[in-house]
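> dropping a prediction and its sequence here:
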Amino acid sequence: QKEVEQNSGPLSVPEGAIASLNCTYSDRGSQSFFWYRQYSGKSPELIMFIYSNGDKEDGRFTAQLNKASQYVSLLIRDSQPSDSATYLCAVSGGGSNYKLTFGKGTLLTVNP
Amino acid sequence: DTEVTQTPKHLVMGMTNKKSLKCEQHMGHRAMYWYKQKAKKPPELMFVYSYEKLSINESVPSRFSPECPNSSLLNLHLHALQPEDSALYLCASSQEDRLNSPLHFGNGTRLTVT
């Protein structure tokens, strides 16, 4: 059974701070990693994806992947109240299985 | 604005009703998906269509019946649902049904079964 673990939170940070969201996964063969943001009552929105070890930056967002440690993280710099949402980590791959396995999500609250 | 369009946004139906959820994408994606999401839970995969053929059915009860009329359209036909089927139903698409093909979700249909 493939598992994706996230701290459910809530993670509370002040406006302007760096929010750090973490995710671990059980399937060592996983190859693709995604972060989705979901506002309450809305659908998930893709914000980052990463396939290779290291960092990938897009604006205020940085995804970090460490396959040896089976760990992927999302950093949000200069956090804004509008970043308050649930962040879902999703992992796919491992053999021929391309299905996404979602974590349960981390609720982030950015306080003004 | 999402490029995957779902209708209706909200649906209330009785347990004896028959209704359909519709999904449309114009991104040229060849894989389309139905997910179900309950409150405070992650999305759960229901069905995957790849090149208009059903490739994955996650042991979904037969009261849910998917249909893919063409590469841009995906329907979910509902019949004799139970109150526990009330949830947010999400359609998604991806360029291919491959490992590195991100999913793009529609806005969802909020379904209430009474």
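Happy to help now that I have it.
> may I have stretch B:38-51 as CSV, with CA atoms only?
Taking Å, rounded to 0.1, in the frame of the first residue of the first chain, the C-alpha atoms of stretch B:38-51 are listed here in CSV:
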residue,chain,number,x,y,z
LYS,B,38,-15.3,14.1,0.9
ALA,B,39,-14.9,17.0,3.4
LYS,B,40,-11.4,17.2,4.8
LYS,B,41,-10.2,14.2,2.8
PRO,B,42,-8.0,14.0,-0.2
PRO,B,43,-9.5,13.2,-3.6
GLU,B,44,-10.2,9.6,-4.3
LEU,B,45,-9.7,8.2,-7.8
MET,B,46,-12.8,6.7,-9.4
PHE,B,47,-12.2,6.3,-13.1
VAL,B,48,-9.5,7.0,-15.7
TYR,B,49,-10.1,7.3,-19.5
SER,B,50,-7.1,7.3,-21.8
TYR,B,51,-7.6,8.0,-25.4
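> run the chain-centre distance for that stretch.
7 Å (CA atoms, centre = their mean, to the nearest Å).
> secondary structure class for the closest residue to A:F33 other than its chain neighbours?
Distance criterion CB to CB, 6 or more residues apart in numbering or on different chains; nearest residue to A:F33, sequence neighbours excluded, is A:V72 at 4.7 Å. C-beta: built from backbone N, CA, C; applies to glycine. When classified by DSSP: H, G, I helix; E, B strand; the rest coil, A:V72 comes out as strand.
> then A:S82?
helix.
> what pLDDT does the spatially closest residue to it that is not a sequence neighbour get?
Nearest residue to A:S82, sequence neighbours excluded (CB to CB, 6+ apart): A:V110, at 7.8 Å. We have a pLDDT of 97 for A:V110.
> ok, which residues in chain A are in contact with chain B?
A:31-32, A:34, A:36, A:41-46, A:49, A:51, A:88, A:90, A:92-93, A:98-100, A:102-105 (CB under 8 Å from any CB of the partner chain).
> among those residues, which ones are in strands?
With DSSP state E as the criterion, strands contain A:31-32, A:34, A:36, A:45-46, A:49, A:88, A:90, A:92-93, A:102 from among the residues of chain A next to chain B.
> and of those, the nearest to B:N107?
Using CB to CB, A:E45 comes nearest to B:N107 of these, at 10.0 Å.
> thought the closest one was touching A:Q38?
Yes - in this structure A:E45 lies within contact range of A:Q38 using CB atoms under 8 Å: 7.0 Å.
> who has more neighbours, those two?
It is A:Q38, of A:E45 and A:Q38, that has more neighbours when counted by other CB atoms under 10 Å in any protein chain shown, with 19 against 15.
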